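Enquirer: here are the coordinates; sequence isn't available:
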């Protein structure tokens, strides 16, 4: 069992930045690929970014590429999402997720999920 707790969400103006954190506990963190997903009201949960166990390989949704950066610190059992140049359309609840094996953009392939943190971007 892996427990994930997100933090760092909040209200920010368009063009601003936020850094989300996801702290993991339970199993060996470095055994898991990690992903960030988001869900806006009335929409399906969508992929944002993912990172492999080592941090060497990352992937991004086209809508955030060049603005968001995923990273991890295995010594701290934490994965981060640095979000820059935020837009109102980035407003959503952001979730981190964990899976064994390679990172993936499909939410159905992740085994563990956090409770989410709200990000609101005002125009």
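Expert: It's in. None of these values were measured; they are calculated from a predicted model.

Enquirer: List phi and psi for residue 49.
Expert: Main-chain torsions, residue 49, degrees, to the nearest 10: phi -160, psi 160.

Enquirer: Number of residues surrounding it?
Expert: Using other Cβ atoms under 10 Å, the number of residues around residue 49 comes to 26. (Each C-beta comes from the backbone N, C-alpha and C, glycine too.)

Enquirer: Not counting its neighbours along the chain, what's nearest it?
Expert: residue 70 (4.0 Å; Cβ to Cβ, 6 or more residues apart in numbering).

Enquirer: cool, residue 4 as well?
Expert: Using Cβ to Cβ, 6+ apart and skipping residues adjacent in sequence, the residue nearest residue 4 is residue 114, 3.6 Å away.

Enquirer: who are the neighbours in contact with the one you found?
Expert: Contact analysis of residue 114 by Cβ atoms under 8 Å, 6 or more residues apart in numbering lists 4-6, 22, 95-97.

Enquirer: Kindly report the same for residue 70.
Expert: With Cβ under 8 Å, 6+ apart, residue 70 has these contacts: 34, 36, 49-51, 58, 60, 79-82.

Enquirer: Can you read off the backbone torsions of it?
Expert: Dihedral angles of residue 70 (phi, psi; degrees, to the nearest 10) stand at phi -100, psi 140.
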